[in-house]
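# sequence unknown, structure follows:
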Ligand code: IPM
Ligand code: MG
């Protein structure tokens with residue numbers, strides 16, 4: 001098995017280093033190859049997604065991705081900014097199904113900004129469509145406003161767009177995932193305003209006929225944002241489009257106390273995947289050795305489960321993470337009274353010891 005490792009920017013290299021350590025501790029037979037991406041790609045080859053990096057990502061069986069982005073690249077043209085690397089990988093590799101679980105570890109209930117009784121036992125899965133929507137819809141750009149009270153002014157525009165087959169494929173993934181869990185799927189849209197969402201909703205209802213054992217409900221995105229903080233445990237699996245999923249998955253992540261705990265998987269139609277922590281590159285704490293590597297380590301567990309078919313090893317990693325939390329070890333982002341603060345490397349080493 002060949003694994004492409006793309007550490008990226010900010011805290012990316014530090015957390016990926018710990019995750020690779022965990023992978024090697026489990027099984028030394030993985031072939032691991034590194035390549036630069038994001039700002040690091042720009043520095044190395046003048047592009048956030050260098051040709052060689054993309055080739056490696058295509059060849060590999062799975063991709064472990066750190067994070068991209070740094071304020072120092074904010075002045076670059078959009079196509080050269082670090083974020084284009086992850087968008088490009090998702091698009092070129094047709095990674096359309098993004099799994100973002102939000103699980104609350106009992107030891108961390110106090111770290112959530114919500115009352116423990118609201119979040120205790122939380123286990124929801126957000127499935128975000130990743131290849132379409134306003135992120136990729138054409139046309140987009142800048143122009144002079146053609147009509148209206150601001151005619152002639154400079155305007156920016158994007159196109160929100162979904163075709164039926166794109167919604168069908170993410171719907172199938174979501175119904176199947178819900179079928180393996182609590183059998184409740186909530187589709188989030190803005191069908192009271194947007195045609196894209198009406199098509200999304202109609203398609204979800206159509207596909208639901210193939211999954212009679214899964215209960216489908218619909219919710220407007222504004223209400224979903226509210227219900228996520230009001231009664232998050234009412235959700236089982238949520239399926240939504242690219243932009244709403246971007247926003248709601250950050251919100252859901254924070255319910256669990258720290259976005260530093262949450263892994264994610266982006267899969268294609270054959271379960272080849274890119275695995276990355278749900279959090280970003282956090283340039284403000286880069287190089288300080290304090291970043292939480294657990295989201296990336298748990299992303300390795302998702303890789304073993306979804307792409308490499310090694311459920312037992314995935315489970316071992318998850319159990320090891322639970323063990324270090326139970327030992328009271330905490331990086332600063334999940335620190336609480338009575339626990340022991342450790343840095344990035346010590347946390348990685350503790351997980352390996354627990355394995
Ligand atoms: C995410 C990130 C990305 C997105 C950015 C870095 C382009 O916020 O993975 O959620 O918007 O998809
Ligand atoms: Mg995001």
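Structure received. Source: prediction; values computed, not measured. Residues are numbered from 1 along each chain as shown. Ligands and ions are numbered 1, 2, ... in the order given.

# for ligand 1, what's the nearest residue on this protein?
Using Cβ to the nearest ligand atom, the closest approach of the chain to ligand 1 is made by residue 83 at 3.9 Å. C-beta coordinates here come from the backbone N, C-alpha and C atoms, glycine included.

# for that residue, what are phi and psi?
Torsion angles at residue 83 (phi, psi; degrees, to the nearest 10) stand at phi -60, psi -30.

# identify the residues contacting it.
38, 48, 68, 69 (Cβ atoms under 8 Å, 6 or more residues apart in numbering).

# out of those, who's nearest residue 208?
Nearest to residue 208 among the contacts of residue 83, counting by Cβ to Cβ, is residue 68 at 36.1 Å.

# the closest one against residue 7, yeah?
No - using Cβ atoms under 8 Å, residue 68 makes no contact with residue 7, being 9.5 Å away.

# overlap in contacts of the two?
Taking Cβ under 8 Å, 6+ apart as the contact rule, residue 68 and residue 7 both touch residue 37.

# more neighbours: which of those two?
A direct count of neighbours by other Cβ atoms under 10 Å for residue 68 and residue 7 places residue 68 higher, at 31 against 26.

# quick check: phi and psi at that one.
Taking degrees, to the nearest 10 as the convention, residue 68 sits at phi -130, psi 150.

# list the contacts for it?
Neighbours of residue 68 in contact, by Cβ under 8 Å, 6+ apart: 8-10, 12, 37-39, 48, 82-83, 85-86, 280-281.

# pop the domain breakdown of the protein in here.
As assigned by automatic domain parsing, the chain contains the domains 1-96+268-355, 101-263.

# tell me which of these is the most buried.
domain 1-96+268-355 (a mean of 20; mean count of other Cβ atoms under 10 Å).

# quick one: the helix-or-strand element of the chain with minimal mean pLDDT to chain centroid distance?
Taking mean pLDDT, DSSP states H and E as the measure, the helix or strand of the chain with the lowest value is helix 116-119, at a mean of 90. Helix 116-119 sits 23 Å away from the centroid of its parent chain (Cα atoms, centre = their mean, to the nearest Å).

# which is the next helix or strand following that helix?
Note on helix 116-119: by DSSP states H and E, the next helix or strand toward the C-terminus is strand 123-129.

# show me what the helix or strand following that following strand is packed up against.
Using DSSP H and E, the helix or strand that directly follows strand 123-129 along the chain is strand 141-144. Judged by 3 or more Cβ pairs under 8 Å, 6 or more residues apart in numbering; DSSP states H and E, strand 141-144 is in contact with strand 154-157.

# partner strands of the strand it packs on, with direction?
strand 141-144 (antiparallel) (DSSP bridges).

# now tell me what touches the partner strand from outside.
Contacts for strand 141-144 (Cβ under 8 Å, 6+ apart): 151, 152, 153, 154, 155, 156, 157.

# include pLDDT when you put those residues into TSV, please.
Below are the contacts of strand 141-144 laid out as TSV (pLDDT from 0 to 100):
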residue	pLDDT
151	96
152	95
153	97
154	98
155	96
156	97
157	96
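
# returning to what we had before: what about the residue of the chain closest to ligand 1, distance to residue 119?
30 Å (Cβ to Cβ, to the nearest Å).

# and residue 350, by the same measure?
Between residue 350 and residue 119 the computed distance is 25 Å (Cβ to Cβ).

# and if you look at residue 161?
Taking Cβ to Cβ, one finds residue 161 at 35 Å from residue 119.

# between which two of the contacts of residue 83 is the distance greatest?
Longest span within the contacts of residue 83, Cβ to Cβ: 48 and 69, 9.6 Å.

# anything in contact with each of those two?
38, 39, 81, 82, 83.

# nearest to residue 323, of those?
For the shared contacts of residue 48 and residue 69, the nearest to residue 323 is residue 38 (32.3 Å; Cβ to Cβ).

# next one: the closest residue to that closest one other than its chain neighbours from residue 47, what distance?
Of all residues not flanking residue 38 in the chain, residue 68 sits nearest, at 2.8 Å (Cβ to Cβ, 6 or more residues apart in numbering). Distance of residue 68 to residue 47, given as Cβ to Cβ: 12 Å.

# okay, and the beta partners of the nearest residue to residue 192 once chain neighbours are set aside?
In this structure, residue 192 finds its nearest non-sequential neighbour in residue 220, 6.0 Å apart by Cβ to Cβ, 6+ apart. Beta-bridge pairing for residue 220 (DSSP bridges): residue 189.

# who does residue 63 bridge with?
residue 4, residue 274.

# residues in contact with the closest residue to residue 47 other than its chain neighbours?
Leaving aside its chain neighbours, residue 47 sits nearest to residue 41 (5.9 Å; criterion: Cβ to Cβ, 6+ apart). When contacts are counted by Cβ under 8 Å, 6+ apart, residue 41 touches 35, 47, 48, 49, 50, 53, 82, 85.

# among those, name the ones in helices.
Mapping these onto helices (DSSP state H) picks out 53, 85.

# pLDDT for the contacts of residue 41 - can I get that in a markdown table?
Below are the contacts of residue 41 laid out as a markdown table (pLDDT from 0 to 100):
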| residue | pLDDT |
| --- | --- |
| 35 | 98 |
| 47 | 97 |
| 48 | 97 |
| 49 | 97 |
| 50 | 98 |
| 53 | 98 |
| 82 | 96 |
| 85 | 96 |
